[in-house]
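1. Have a look; sequence and predicted model below, questions after that.
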Amino acid sequence: MLTNRIRNKRLLERIVSKEQAATWISHGMTIGFSGFTSSGDAKTMPEAIAERAKVMREPFNINVYTGASVSPAIDALLSAAGVVHKRLPFQSDPTMRSSINMGKVQYIDQHLSDTADQIRTLALPQVDIAIVEALCVTEEGYIVPTTSCGNTPIFIQNAKEIIVEINLAQPLSLEGLHDIYDPGMPGNRPPIPLIKADQRIGTTYIKTNPGKIRGIVITHCPDTPKNLIQPDEDTKAIASHLLAFLRQEMRKGTLPCPLPPLQSGVGSVANAVFHGFMQAEFTDLQIYSEVLQDSVFDLLDAGKVKSASGGALTLSAEKMEHVLANMDHYRDKVILRPQEMTNNPELIRRLGLIAINTALEVDVYGNVNSTHILGSKMMNGIGGAGDFTRNARISIFVTKSTARDGRISSIVPFASHVDHTEHDVAVVITENGVADLRGLAPRERALSLIYQCAHPVYREQLLSYFTEACQRGGHTPHVLEKALSWHSHYREYDTMLMTAPTDTVHEATPHSLLNQ
């Protein structure tokens, strides 16, 4: 079995226990872990590192680099052990999140397309040891990833040493799924020769010097499945509005048939919205995204999607079992790429993607907060949303109009933290409707968001704020002393609603607000 997985015979001599490999990790090191959304991440080495930290009498902490979010085996375990000094570029674990918000872990929130080049150009502390999950090692000593690519290629390229976790739970049928391409050093790189979403331009393995592989640890641990919530009435309504918008754009001739490649962000809302395509008339769809969730494979099985390119298989337990058991069926339709390719601005703009990402809150001018609760508490991170939003053909944000049982409005006077500015946000969709912000000036955007996207309970309150702001004037009117009053009110009273809901229509008309 091992000779099928470790095909370079000399490397068979480097099989070690996880405990022995953990002794190679020293205080102050920067460790690059494979993994992207709990897929293809290191499974046993983080546990061994955490156990070693418990018996260390001297200071022991490390910098942790990954592709994006990873399983609790890395983030929860290492942060709980107090091992992590600095973390980048994305996380979604509650334990790690708590450590970040308490200031125990220094977190660098990065666009996912940026990390590889920052390592490549020596802008970040360099990787001492790369700890990467692998399907197998080839005769040449090259490494074949498993269910994600993430930043694994740049970690392997940059690291002084490599520890490989050969995961026997990952089936060899995954081999051949990957497309590994190195764009080269900035300033001296040619155009990336990818012009179609389903095109392959690289290798199925990550090239490396086998001499850098210090040790190989054998594991048998499946990926941590994604807990995806089923579509509810609100997400179904959002999906319906999205489909209606796309149909309208096709009728106007601004979108072709079939549609340009689609991108969808991570999470239950994005997965549920994507699932709306199941009942729609759209066919021959192509996906060029950072993650491939359950809905993508449902659409593949239904014949709606003809190709899907992503950086990771981010699946529920049931869907993962189905996909891995039927990999031969998906082999010519699915491609896994490094995140500097899935999220590459050059490719996003060239392919003309329709990007669909999730917002925490949107202010009346279209600025989007996708990372911070009430402006200061980190939720997950910006991830790839900025890569796609800034460069897509159409940048769409979806969100439910309220949260916390209606006590929080997702449409607010002023975003408490801005990840995506009004200049990059084209369309906002909630269960209430679609605000197409393209070609609109700030006051026009405000009225569109208030009337089309805000929850009716908060609409009067938003109009009251906007009317007062317009009376003060300005290109982008604000009442500065009240701009974040909704968030302050929530902190004090556990609701953003400042007055009892009313059914009355605000006296100011859209026309009068535009011309004040």
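-> The structure has been received and is ready for your questions.
2. switch to C-alpha atoms for all contacts and neighbour counts from now on
-> Fine.
3. How about residues contacting stretch 193-207?
-> 141-145, 153, 156, 175-182, 261, 286-288, 307-309, 333, 335, 347, 350-351 (Cα atoms under 8 Å, 6 or more residues apart in numbering).
4. Next, check those against the helices and list the overlap.
-> When DSSP state H is applied, the contacts of stretch 193-207 are split such that 153, 156, 347, 350, 351 fall in helices.
5. List the residues that contact the first one.
-> Spelled out, it's residue 153. Applying Cα under 8 Å, 6+ apart as the definition, the contact partners of residue 153 turn out to be 180, 206, 338.
6. Can you pull the phi/psi pair for the second one?
-> When you say that, I think you mean residue 206. Taking degrees, to the nearest 10, you get phi -100, psi 120 for the backbone angles of residue 206.
7. Kindly report the same for the last one.
-> Listed backbone geometry of residue 338 is phi -60, psi 150, with angles given as degrees, to the nearest 10.
8. hang on, the earlier thing: now the buried members of the ones in helices among the contacts of stretch 193-207.
-> Neighbour counting with 16 or more other Cα atoms under 10 Å marks 153, 156, 347, 351 as buried within those.
9. and which of the contacts of residue 153 is nearest to residue 246?
-> Of all the contacts of residue 153, residue 246 sits closest to residue 338, with 29.2 Å by Cα to Cα.
10. so the closest one touches residue 147, yeah?
-> No: with contact defined as Cα atoms under 8 Å, residue 338 and residue 147 do not form a contacting pair (11.3 Å).
11. could you pull out the helices for the stretch 151-300 of the chain?
-> In the stretch 151-300 of the chain, the segments counted as helices under DSSP state H, counting those that start in this stretch are 152-158, 233-252, 268-275, 294-301.
12. so what secondary structure elements neighbour the longest one?
-> The contact analysis (3 or more Cα pairs under 8 Å, 6 or more residues apart in numbering; DSSP states H and E) places helix 233-252 against helix 268-275, strand 427-430, strand 433-436.
13. Residue 204 and residue 137, how far apart?
-> Here the distance between residue 204 and residue 137 works out to 12 Å (Cα to Cα, to the nearest Å).
14. Give the intersection of the neighbour lists for those two.
-> Contact criterion Cα under 8 Å, 6+ apart; residues bridging residue 204 and residue 137 by contacting each: residue 144.
15. the more surrounded of those two?
-> residue 137 (24 against 21; other Cα atoms under 10 Å).
16. Enumerate every residue touching the more buried one.
-> With contact set as Cα under 8 Å, 6+ apart, residue 137 has these partners: 5, 6, 7, 8, 143, 144.
17. Looking at the residues you listed, which are in strands?
-> Using DSSP state E, the subset of these located in strands is 143, 144.
18. Out of the contacts of residue 137, give me the one that has the most neighbours.
-> For the contacts of residue 137, the largest number of neighbours (other Cα under 10 Å) sits with residue 143, at 28 neighbours.
19. residues near residue 101, how many?
-> Neighbourhood size, residue 101 [other Cα under 10 Å]: 15.
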